[in-house]
Structures are given as C-alpha cells and as structure tokens.
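[1] Using only what follows, build the 3D model:
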Amino acid sequence: MKQKLGCCGFPVARDKYYQYFDVVELQRTFYQPPELLTIQKLREGSPPGFEFTLKAWQLITHPPTSPTYRKLRLPISQNAKKNYGFFKATDEILSAWARIDEISQVLRTKVIVFQCPASFTPTQENKKNMGRFFRSIKRRDYTFCWEPRGEWTDREVECLCKELDLVHCVDPFKSEPTYGKIRYFRLHGIGGYHYRYTESDLRNLKAEGFKAPQVYYMFNNVYMFEDAKRFQVIME
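    Next up is the predicted model:
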C-alpha cells in the first residue's frame, strides 16, 4: 500500500516543509494560477521525487458569485460572467483548463482536484456539463479527483465517477468515498478549520487508509502542519 501525506498549501516555509513531507496540494492554482516561470522555479527548487497535486482553477468549477473570486486578478466583464463555472462548455472554461494543464505538465502533476461549491447541485444540466467537460479535455495520465458538496447523493456521485473515470474526493470524517482507483482525503477539520485532530482521530484515520492500495492524506485545517507531523509519527 502506497501512502502520501502532506498539506493543502505550504503552511510553513517551503524548505522546512520539504524536510517532513513528500507531497503538497497547491492552492494558488485555484484562486489565480501563477506564471509558468514561477511554477518552473517551484519545480526546480523542490527535492527529487517531491509531488505536487493541485486544485483546478475556480473558473472551471465556481461561478463568479463565489466569494473566492475576490482573489482573482483576471478581469471578467458583466456579459461574460455567465460563461464561467459549473464545467460549462465555453471557450473561457476550456482556456482555464489549458492553463491548468500547462502548469501540471511543468510540475509533473499526477493528481488534479476539482472542488465544487454547494451551489453546484445535481441537476441534469450540471451532470451534462460535467460529462462534456471531462470527455473533451486531454486526460494525459492525470488522476482526476472530484470533491462535490451539498445535495449530492452517494449514488449520484458514484454513477458520475464511474462514467467519467473520476475519484470521489472526501473528508473521511464526514463521508465515505463511493468510487475511485485511489483514495484522496482532504482533511478540513471535524466541525471546522480550527479543529485540532486528537490522537484517537488520527489512529482512526490510519485505519481508514487500509481500504485502498494508494492513499493521499492532505491536511487542510488551521493546525495542518502540526497535525500532519503527528499523523506521520502514527503512520510510522
């Protein structure tokens, strides 16, 4: 069984982070992807074998009404706002994917996470948009992880993941993954980001990982660095 442990973003200086972990999930690519020169320097400055997973750009998954767009530096006209988010088959979204694909190639990324807002509900239109999007883009050798939120049932998520070859990304303290060749856990904190995981929590998390041949444990709470280090000791 292959296990990967890290954080969602760099909670400490990169040199310090590299001393402990061999994977990180980039968050900047969700808000505003950096320039390729910055990405190249990031890749060159990381240790051999270090892995970068990343979150797909919010332009693909989130509508402009999302508060996360406050961190977007790309100007969007009022008329163009309808062309963003919810996997719509628009030139704007395909262009956003091309940017993520380009970055992923530089970083040699294996896993890309598509996190959706709760407003992305299980309507037929949204399901069709997802299907068109994932069938139209180059998959290369990526593993696509989908983190739905809101009203989706397990059955609906499972069917879409099977149909589109996606991994159901979850917080294992909130729900069980329904489908996927790997497990990709994003640990947001039990009840909120300010939660500090107990030793009992972490031992239960370790037991959850034995259910799949490859598992990513990505901490995303306020105490992510400390909790991930404590979990690392328990894993060893």
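[2] State the number of residues packed around Ser95.
    Applying other Cβ atoms under 10 Å, we find 12 other residues in the vicinity of Ser95. To be clear about C-beta, it is placed using only N, CA and C from the backbone, and glycine gets the same treatment.
[3] for Asn220, same thing?
    Asn220 has 19 neighbouring residues, counting by other Cβ under 10 Å.
[4] For it, list the residues it contacts.
    For Asn220, the contact set (Cβ atoms under 8 Å, 6 or more residues apart in numbering) comprises Cys7, Cys8, Gly9, Glu25, Arg186, Leu187, His188, Gly189, Tyr193.
[5] So which of those residues belong to strands?
    Cys7, Cys8, Glu25, Arg186, Leu187 (DSSP state E).
[6] I'd like the residues you listed laid out as a markdown table, including pLDDT and neighbour count.
    Formatted as a markdown table, the ones in strands among the contacts of Asn220 follow (pLDDT from 0 to 100; neighbours: other Cβ atoms under 10 Å):
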| residue | pLDDT | neighbour count |
| --- | --- | --- |
| Cys7 | 98 | 25 |
| Cys8 | 98 | 21 |
| Glu25 | 98 | 26 |
| Arg186 | 98 | 21 |
| Leu187 | 98 | 26 |
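[7] Who are the packing partners of the lowest-mean-pLDDT helix or strand in the chain?
    Scoring the helices and strands of the chain by mean pLDDT, DSSP states H and E places helix 199-208 at the bottom, with a mean of 93. When contacts are defined as 3 or more Cβ pairs under 8 Å, 6 or more residues apart in numbering; DSSP states H and E, helix 199-208 packs onto strand 183-187, helix 224-235.
[8] Could you rerun that using 10 Å?
    Applying 3 or more Cβ pairs under 10 Å, 6 or more residues apart in numbering; DSSP states H and E, we find helix 199-208 packed against strand 183-187, strand 214-219, helix 224-235.
[9] follow-up on the earlier one: nearest to Tyr142 among the ones in strands among the contacts of Asn220?
    Checking these against Tyr142 with Cβ to Cβ, the nearest one is Glu25 at 14.1 Å.
[10] and the closest one, what does it touch?
    6-10, 51-55, 111-113, 145, 184, 186, 216, 218-220 (Cβ atoms under 10 Å, 6 or more residues apart in numbering).
[11] Distance of it relative to Asp171?
    Glu25 sits 13 Å away from Asp171, taking Cβ to Cβ, to the nearest Å as the criterion.
[12] sorry, back to before: so the least confident helix or strand of the chain versus helix 224-235, what angle?
    Calculated by axes from the mean of the first three to the mean of the last three Cα atoms, to 10 degrees, helix 199-208 forms an angle of 60 degrees with helix 224-235.
[13] quick thing: my sequence starts at 51, can you match it?
    All right, first residue 51 from here; so that's helix 249-258.
[14] For the most centrally placed residue in the chain, give me its contacts.
    The centroid of the chain falls nearest to Val163 when counting by Cα atoms, centre = their mean (2.9 Å). Applying Cβ under 10 Å, 6+ apart, we find Val163 in contact with 58, 75-76, 79-80, 103-106, 111, 193-197, 217, 219, 234, 236, 266, 268.
[15] now the helix or strand where it lies: mean pLDDT?
    Val163 belongs to strand 161-165 when assigned by DSSP states H and E. For strand 161-165, mean pLDDT is 98.
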